[in-house]
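>>> Here is a sequence with its predicted model. Questions after.
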Protein chains: 4
Amino acid sequence: MTYSDASRPKDECGVCGIFGHEDAAKLTYFGLYALQHRGQESAGIVASDGSQVSLHKGMGLVHEVFSEATLQELKGHLTVGHVRYSTTGASNIVNAQPFTATHQGCTVAVAHNGNLVNIRSLRNELEKKGSIFQSTMDSEVVVHLLARCSHLGLEKALIDTFESIKGAYSILLMTEDKLIAVRDPGGFRPLCLGKLNNGGFIIASETCALDLVEAQYVRDIEPGEILIIDREGQRSLHLETSQRRSFCIFEQVYFARPDSDIFGKNVYQSRKRMGEILARECKIEADFVMPFPDSGNYAAIGFSQASGIPLEMGVIRNHYVGRTFIQPTQSMRDFSVRVKLNPIRSFLKDKRVIILDDSIIRGTTGRSRVKSLREAGVKEIHMLISCPPTRNPCYYGIDFPSGGELIANKKTVDEIRDYLGLDSLYYLSLEGLLEACGGPPENYCKACFDGEYPVAPDKDFCKLLLGTRNACQSTGKK
Amino acid sequence: MTYSDASRPKDECGVCGIFGHEDAAKLTYFGLYALQHRGQESAGIVASDGSQVSLHKGMGLVHEVFSEATLQELKGHLTVGHVRYSTTGASNIVNAQPFTATHQGCTVAVAHNGNLVNIRSLRNELEKKGSIFQSTMDSEVVVHLLARCSHLGLEKALIDTFESIKGAYSILLMTEDKLIAVRDPGGFRPLCLGKLNNGGFIIASETCALDLVEAQYVRDIEPGEILIIDREGQRSLHLETSQRRSFCIFEQVYFARPDSDIFGKNVYQSRKRMGEILARECKIEADFVMPFPDSGNYAAIGFSQASGIPLEMGVIRNHYVGRTFIQPTQSMRDFSVRVKLNPIRSFLKDKRVIILDDSIIRGTTGRSRVKSLREAGVKEIHMLISCPPTRNPCYYGIDFPSGGELIANKKTVDEIRDYLGLDSLYYLSLEGLLEACGGPPENYCKACFDGEYPVAPDKDFCKLLLGTRNACQSTGKK
Amino acid sequence: MTYSDASRPKDECGVCGIFGHEDAAKLTYFGLYALQHRGQESAGIVASDGSQVSLHKGMGLVHEVFSEATLQELKGHLTVGHVRYSTTGASNIVNAQPFTATHQGCTVAVAHNGNLVNIRSLRNELEKKGSIFQSTMDSEVVVHLLARCSHLGLEKALIDTFESIKGAYSILLMTEDKLIAVRDPGGFRPLCLGKLNNGGFIIASETCALDLVEAQYVRDIEPGEILIIDREGQRSLHLETSQRRSFCIFEQVYFARPDSDIFGKNVYQSRKRMGEILARECKIEADFVMPFPDSGNYAAIGFSQASGIPLEMGVIRNHYVGRTFIQPTQSMRDFSVRVKLNPIRSFLKDKRVIILDDSIIRGTTGRSRVKSLREAGVKEIHMLISCPPTRNPCYYGIDFPSGGELIANKKTVDEIRDYLGLDSLYYLSLEGLLEACGGPPENYCKACFDGEYPVAPDKDFCKLLLGTRNACQSTGKK
Amino acid sequence: MTYSDASRPKDECGVCGIFGHEDAAKLTYFGLYALQHRGQESAGIVASDGSQVSLHKGMGLVHEVFSEATLQELKGHLTVGHVRYSTTGASNIVNAQPFTATHQGCTVAVAHNGNLVNIRSLRNELEKKGSIFQSTMDSEVVVHLLARCSHLGLEKALIDTFESIKGAYSILLMTEDKLIAVRDPGGFRPLCLGKLNNGGFIIASETCALDLVEAQYVRDIEPGEILIIDREGQRSLHLETSQRRSFCIFEQVYFARPDSDIFGKNVYQSRKRMGEILARECKIEADFVMPFPDSGNYAAIGFSQASGIPLEMGVIRNHYVGRTFIQPTQSMRDFSVRVKLNPIRSFLKDKRVIILDDSIIRGTTGRSRVKSLREAGVKEIHMLISCPPTRNPCYYGIDFPSGGELIANKKTVDEIRDYLGLDSLYYLSLEGLLEACGGPPENYCKACFDGEYPVAPDKDFCKLLLGTRNACQSTGKK
């Protein structure tokens, strides 16, 4: 039994690269450690000392995949690292990143966060020209495109490659001596540049990675920018495009860590502001407001401050929940909810409570939690969600379930309320969310809420072209 | 590098036993899972089907030590389980519990939470009579005493054994067909009885274990009570004693889970009340109050509600911190603090903050955290602690560092404030703490604060009689 | 599926101890490595530096249980090591040796090869005096007896303890500063003393352990001798006894390594001589003689030389057979035989062959092998066994199946021949075997052949008093 | 410390494929098990049920890489499996086979035994056309070539691909519904076809794999043959070539298992015949002849029978030698020799012995063994080698050390004799070897002896184009 909490959306990846530090692999390790929330399935680091390239990747959390010994063998001042989450089926070591390949004696490594929407046609075209593929990763296509343009010189090859690619991508590339960061013209996923104490550089998905390695935030990689860092310094290329900004608003709502600043805003403060605006939009009487920890904590604080309704921690999180688990006995209903969040029975009995959470995806977990609160004797349960109903799938790198499984795709708010067993249910308005996140509303991709996709998706594309499973094991392990 | 957070006090154990359920081992597993916060070093379960006794124990977390397969081999309706923390040196599988032994064809198993203070003289006496010992566990002494009294019949043997023992103990004993719970006359450690859905019984250190297996709380095992459960029902014996109640007040402050009720009070509400009383005792001006999550969360909520000073979450906890870790590079100062709790720089800059935490043990972690906040640009840092200064070691089962390492044993509050780098530091008064915990003040052991030990300790006793190390490994592992 | 080859007899143990070498643990490791054939279930080493005692033991082969790191922590010049095989049921880490315990501040460790026959009455008596037991090992009883005699002084305690013990034992004892070797008055199991290059000493079950660590063979520990080695030198005590020599003849036939000298004879030469005498006793016409490798190799060489019938290797041994294995498909009959020994089909077709093997225990493996040869087209199959029919169980440390399962206990030689599917079957005569082994015939225990037990066994004793299972696991392993 | 016995030549691979059995993966597992001697570094199986392709591969022995569970997930009636040895540097999971890739929706898997000599120019050409490579395997090049020819239809693509390839290859290919075997025109490496009990087919490197799964040997795949097996039956294509037979004579001398028939001859009998011819060529007086077990066993038997000099087993092999090992102490000279083969001191003392072994590669191991025999008191040591001096590297799949490290490349036979410390040294003549192996002498590649390479090698090609290391680990393992 796995407690992967299937009701939560999954992000696909986090990336972190270092240029110009003798402990580059170790810094990358810590950067990935800080980005672990963006992907818990596999982790990998590729390093270069200017001529020799070494790679280590594996399934599991960052601290499970790497040891002092493996980090020591990743020699060099230049690295690219990656953490990944993936849907079942393609979940295996073949798809772990960074992806590396050689072409005419040169090694290139790619780490990718996002999702390309024209991958199928790109792949078809490449196969017609003779390319063969070992994985289902977008990264492998990127490397093929680069290889085929390599006769043009690096800069032209980069421009040609990324102008042929459509979708969301915050990509780190590494050659023997260069660290290259590319962000798609919409800027769907965050990507930022920091300066290390020793003068070297770090590029990472979120600023929390910079904090952990004590780097100073310099700036975000711009949408459409290709930043090349090598011994000669930094230079930027820019993709020609008419595409407008498309910052993923769900990063603010759910994915990014609250201590990160993304798209120019601190996430903690955005989330708190969502709670404040909810207090303005929804007037409810209750004894107190409480979050489902930790995802609802920040909006709950904002809501409590703005509404004057006291904040309480009515359910307690077990910090020792492992990733796999023993099947409970038949009589233990709703066990998988209670093992993670236990209601304080003596405190909740006969209370009128407002629950604050950040999203409802399938609704199954929420329903069990509400039932568990009812059994603890809670009298009234009102739920506030700090974003609008999530109605549409994401084609830009967030692994929502397909449309039909999103509860808000099939049910009205009233129907969801009844399904969850609530006394009332309110969602933050889209306007309220945009106000909370700040900046021009048109700069955000909010397709999961309103269905307006800034880049046309290739909806039929099946991610799982390959049926191959390729689990690698070390000696002596089955 | 291990992130065991040496600055935190450690509890010695949690216990959980089941009588009368066909899935007894599985329920015990979940009970231990809920009690994991009481001991993360080893876990074990012994089971009996009325005639055959089986045992599985190992080093690690509950979900690491047990699998579906190992649970299935623990057959029977009767079990005793244990989780343990231990100081370095005696940390090995020989000391993992439950401890089992046979005597004249009968098997007895013991799981123990607490610490005996006359262990040395008991052991000396037993050795004079010919006993030999394989471990340094109190439990082994208990079994020897029981064996030597066995000619008296079970009940008389229990009375004689436990009247010769002094100190803190919440013990579960198992024979082939009986579950026996014993709590010392002072009742230092919690121990409660619950009823399972099917009519069977559970006895556990805290009520949160009852919640997870959906048992109904019945009552606490009384101080000085010996409760015997078998096919014929329940019966209680009582130790003759003049000792008064000595509930460990530090269980309320720090150890117990907030969703547990212990000593007749809900822990969450006690902790919130500590914050409220702190607000009454200490008047400070600040922009907001923030806890070090999660230990300070509950008092911070109480403080905020009582003082009107807003609550904020200014530092974010990384939920993916492993137990062992890579050594950071030399330039990464205070890394071990930041990897766990990262300050939100953009939010904290130029703020006047009140930190709420539950205790200061050595002071080293607090000092690093304060430094980390200063570097994030916090203008004023005031700290409130939800208990009095911890000045004295515990001889009843809490693994504080020895007196000399307790910062409050050597320094005044002003000196601690300066050492931590604070603008101000306040502790909750002992009276305030007793008010928050409720019940008659004389019912608590508060020796760590006031040095009044309810049972005279044997201070010189070295826990580590044996120099033996006995690490067991499964096939193929080194 | 486990290829433990249940049809082979199992020895219980091998022991190895070192006194006076700074790398004592490492030398013991290599000694045990050479003795691995005497026990593959668990391995352990206890070491002392004169004051501090450390122990490491685990389930598995010597090279699986120990690593450079674990050996480095076994500090000191004094060690005792053990390898063990055990029957199912008691196969767990609790029964792994060396067994250690403390009594009045002194640690004693015991490693034992053999089997005590009065263990039940000794144990009963000890329990009446208050002893409790954690394992089913003979060693634990030895330690209890020693502890109860300790007031008499070491030498008297040793004499009293071992004069109360009956059966087969080659025991190594270790205190903080002494290495003690004891061999029962019959001398059932081998035990020899060697001198290390640096002047230190090694005591081991067989001389092959001395060879690997480059020690010079000094002498056998005498039957009934107690040899004490410490800083002051060596001294010997002698148990008073009327018991005559009882060297286990099956060590010569099967257990000991052919490169060892035991009971004053080289095993390779004894086995070759068995083949020579077989050639004298049994006249068969055949194209060639071939062994089941490697157990029949040596007698086959002797037989070939004496008879003039050519030696061939008609079946080939697979050297990569693991200890556990995948279940074959249903159509793969007799798979477990063929996976280990594959007949050379093109060579064997239409041949008349003599098979030479060292024993027939249950007969099941032999039957499958014969069938496999028939399927390869062998025309005539004659089998010669280099010892008499094994008719009786052993109570002195060899784990034959119980009497009823020994094929020669129930069937005549003709019936065995038919059961195995042979054209003819011959056993070496007991006289022939004694001639091959040399020395006075009355010095051997040959009870498995003739049923004359030199020390009266306690036949009803069940080895498995305890039903406890105690598998220990390291962190993260299930 | 690894006991990989660097002085022995290494073969590169073994292959095994099944068509038409519901337990195809399990049969392949057993086939690889029988072929384990051809490669111990990694193992892999790819399976197809006609549409879905699944793959499992890992580092280690066959029984370490696969479990019942992993085999069950390899569904289908069609499989290709591989075991591999590789030189250091390219030893990692990226280079484990089978290699799989997709092209235009089709999956192809390749398993390869041998070595291509024009790999560099093929790879250059492919890279010019845009191919990128992830590994250094010959197999990856084969797949690229096939993909680029795929528009021609399967049969033409196979012909075109393999006519462009030069060198030694016994290759198994798998598409979703076809098993394809290809053997180079010289037939360097063995490859044979067998029929399963149920009517299905097996193709494997050696006949010992057929024996284990109870298949009937049908015939060898012919040099230059492409055999395609699918639902419609079998059909063969033939590569046009003027190349003559080039059977690797070292397979007969050393690599193949003695119970296999290769190149139409049984290996055991060939090796025995080598010993017989040695007896004719070299007349030596000695007390006996003895092999270094097990490699010299078979020639020693032949030598003894032909010369009348008795055969003895003067050194005993330890069957429990692990692949990695503890570093011995400094005083333990020549330890790595003795741990594997221990001389029987009491038997060898003052004897004149003839050692029979199959080859001398670097000479270092042989030298240590001779020294070890001298220390055991052997009076005269004569050595016979059952092939001519190995003077030249192999470019067709045997991993001899490079020319300079082959002792016979630098030293005369007399110099080798002195280096090893022998009284005399004789090699079998090339004529003698060819006579022993049978068949027309011109059908063998004997380049390692005479330097006449049947296919011109690309001597400068460095196998290690990629510097990447790609070790994959399962969760929780470092």
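Received it, and whenever you're ready, just let me know what you need.

>>> residues in contact with A:Asn342?
A:315-316, A:318, B:34, B:208, B:211-212, B:257, B:259 (C-beta atoms under 8 Å, 6 or more residues apart in numbering or on different chains). For glycine as for every other residue, the C-beta is placed from the backbone atoms N, C-alpha and C.

>>> Before we move on, what's the pLDDT of it?
The model reports A:Asn342 with a pLDDT of 94.

>>> now it, nearest residue through space, not along the chain?
B:Asp259 (4.7 Å; C-beta to C-beta, 6 or more residues apart in numbering or on different chains).

>>> Repeat that for A:Phe188.
In space, A:Phe188 is closest to A:Ala168, 3.5 Å off (C-beta to C-beta, 6+ apart).

>>> Help me confirm that the one you found is found in a strand?
Yes: counting by DSSP: H, G, I helix; E, B strand; the rest coil, A:Ala168 is part of a strand.

>>> Touching, it and A:Gly186? I think so.
Yes: checked against C-beta atoms under 8 Å, the pair A:Ala168 and A:Gly186 is within contact range at 6.7 Å.

>>> Overlap in contacts, these two.
The contact lists of A:Ala168 and A:Gly186 share A:246, A:455, where a contact means C-beta under 8 Å, 6+ apart.

>>> So between those two, which is more surrounded?
A:Ala168 (28 against 25; other C-beta atoms under 10 Å in any protein chain shown).

>>> need the contact list for that one.
A:114-116, A:184, A:186, A:188-189, A:246, A:248, A:395-397, A:455.

>>> Could you list the residues in contact with the helix or strand A:Val218 falls within?
Using DSSP states H and E, A:Val218 sits in strand A:216-220. With contacts defined as C-beta under 8 Å, 6+ apart, strand A:216-220 is touched by A:187, A:190-195, A:201, A:207, A:210, A:261, A:263-264.

>>> Can you name every helix or strand that the helix or strand just after that strand contacts?
Next along the chain after strand A:216-220, taking DSSP H and E as the criterion, comes strand A:225-230. Strand A:225-230 makes packing contacts with helix A:154-163, strand A:179-183, strand A:201-204, strand A:233-238 when contacts are defined by 3 or more C-beta pairs under 8 Å, 6 or more residues apart in numbering or on different chains; DSSP states H and E.

>>> Out of these, the one nearest chain D is which?
Of all the helices and strands packed on strand A:225-230, it is helix A:154-163 that lies closest to chain D, at 12.3 Å by C-beta to the nearest C-beta.

>>> Which strands or helices does the closest one pack on?
Helices and strands touching helix A:154-163, as assessed by 3+ C-beta pairs under 8 Å, 6+ apart, comprise helix A:138-149, strand A:179-183, strand A:225-230, strand A:233-238.

>>> circling back: now the helices and strands packed on strand A:225-230 in CSV, with mean pLDDT and mean neighbour count?
Conversion of the helices and strands packed on strand A:225-230 to CSV gives the following (pLDDT from 0 to 100; neighbours: other C-beta atoms under 10 Å in any protein chain shown):
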stretch, mean pLDDT, mean neighbour count
helix A:154-163, 95, 17
strand A:179-183, 98, 26
strand A:201-204, 98, 28
strand A:233-238, 97, 12
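
>>> just so I know, which of the ones you listed lies nearest D:Glu240?
Nearest of the helices and strands packed on strand A:225-230 to D:Glu240, taken as C-beta to C-beta: helix A:154-163 at 40.6 Å.

>>> tell me the angle of that closest one relative to strand A:179-183?
30 degrees (axes from the mean of the first three to the mean of the last three C-alpha atoms, to 10 degrees).

>>> Show me the contact partners of whichever strand or helix holds A:Lys272.
Taking DSSP H and E as the criterion, A:Lys272 maps to helix A:267-281. The list of residues contacting helix A:267-281 from outside it, by C-beta under 8 Å, 6+ apart, reads A:251-253, A:256-261, A:298-307, A:356, A:358, A:384, A:386-387, A:426, A:428-429, A:432-433, A:435-438, B:313, B:316, B:344, B:346-347.

>>> can you pull the contacts of A:Arg183?
Here A:Arg183 is in contact with A:169-171, A:189, A:191, A:221-225 (criterion: C-beta under 8 Å, 6+ apart).

>>> repeat that for 10 Å
The contact partners of A:Arg183, by C-beta atoms under 10 Å, 6 or more residues apart in numbering or on different chains, come to A:113-114, A:162, A:168-171, A:189-192, A:203, A:220-227, A:239.

>>> how about low-confidence regions in the stretch 301-450 of chain A?
A:322-325, A:330-334, A:403 (pLDDT under 70).

>>> That one: strands as residue ranges?
A:315-317, A:341-343, A:352-357, A:380-385, A:424-427, A:444-445 (DSSP state E, counting those that start in this stretch).

>>> Among those, which comes closest to A:Glu127?
strand A:444-445 (30.3 Å).

>>> List the strands paired with the strand holding A:Val218, with their directions.
Here strand A:216-220 is paired, per DSSP bridges, with strand A:192-195 (antiparallel).

>>> contacts for the partner strand?
A:18, A:20, A:31, A:170, A:181, A:183, A:200-207, A:209-211, A:213-221, A:225, A:227, A:229, A:234, A:260-262.

>>> cutoff 8 Å now
A:181, A:201-207, A:209-210, A:213, A:215-221, A:227, A:262.

>>> same thing with stretch A:391-400?
A:9-13, A:85-87, A:113-115, A:117, A:167-168, A:188-189, A:246, A:248, A:250, A:255, A:361, A:390, A:401-403, A:406, A:408-409, A:445, A:447-451, A:453, A:455, A:457-459.
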